[in-house]
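Student: Give the three-dimensional model of this entry:
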Amino acid sequence: MDSSQWLSVGEVSRRTGLSVSALHFYEREGLIAASRTAGNQRRYPRHMLRRISLVLVAKRLGIPLSEVAEVFRDLPMDHEPTRADWQRVSRTWKVRLEERRRALERLEKELVGCIGCGCLAMRSCDLLNPGDVLGSRGTGPVRLAGSEPEPRPG
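Tutor: Numbers count the residues shown, from 1 in each chain. Predicted coordinates:
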């Protein structure tokens, strides 16, 4: 790779709007990679800009960095990813985003129903969860933790 394909940490910071410390953090997390010059200065391959951009989009969507790292695991770090590499990652990401969208729709439905019912005596909740049967499935909001809601009895 010729020298025009390498960017200093300052250049990457200016191009992405990220602080130098954020770039170092992403590097420690395995999201991006840099090489070192003979003078021990970091140099990022230009193709890392795309990875960083995707990290920023994922952050904006509320996707944890651990999920981003998992999706990026199949992308090469040592050379520019091919079109096929990006298409594979895109398909994986699409499935995850669809799962996230369905979970948010379930959450919205549950919250609107629960908050909007106004039954201070919990009458509606007794219909949806008679005898607190969901308590046996674990702690917290088990119906909203990714599983499909249980059907109403009757």
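Student: how many other residues sit next to Arg102?
Tutor: Using other Cβ atoms under 10 Å, Arg102 has 12 other residues around it. In short, each C-beta sits where N, CA and C put it, glycine included.
Student: Show me which positions of the helix or strand it falls within end up buried.
Tutor: Using DSSP states H and E, Arg102 sits within helix 83-117. Residues Val89, Trp93, Arg96, Arg106 are the ones in helix 83-117 that count as buried (16 or more other Cβ atoms under 10 Å).
Student: Ser53 contacts Thr16, correct?
Tutor: Yes: Ser53 is in contact with Thr16 according to Cβ atoms under 8 Å; the separation is 7.2 Å.
Student: if I pick the spatially most central residue of the chain, what's in contact with it?
Tutor: For the chain, the residue sitting closest to the mean C-alpha position, by Cα atoms, centre = their mean, is Ile63 at 2.2 Å. By Cβ atoms under 8 Å, 6 or more residues apart in numbering, the contact list for Ile63 reads Arg96, Arg100.
Student: How about the secondary structure of it?
Tutor: Judged by DSSP: H, G, I helix; E, B strand; the rest coil, the three-state class of Ile63 is coil.
Student: The chain: helices as residue ranges?
Tutor: Assigned by DSSP state H, the helices in the chain fall at 9-16, 20-28, 48-60, 65-72, 83-117, 123-128.
Student: Among those, which comes closest to Gln41?
Tutor: With Cβ to Cβ as the criterion, Gln41 lies closest to helix 9-16 of those, at 7.7 Å.
Student: which residues touch the closest one?
Tutor: Applying Cβ under 8 Å, 6+ apart, the contact partners of helix 9-16 are 7, 18-20, 23-24, 34, 41-42, 44, 48-49, 52-53, 56.
Student: farthest pair in those residues?
Tutor: Using Cβ to Cβ, the contacts of helix 9-16 span at most 23.9 Å, a distance reached by Gln41 and Leu56.
Student: circling back to that earlier point, just the buried residues of helix 83-117 now: which is nearest Phe72?
Tutor: Of all those, Val89 has the smallest distance to Phe72: 7.2 Å, by Cβ to Cβ.
Student: got the contact list for the closest one?
Tutor: With contacts defined as Cβ under 8 Å, 6+ apart, Val89 is in contact with Val71, Phe72, Asp74, Leu75, Pro81.
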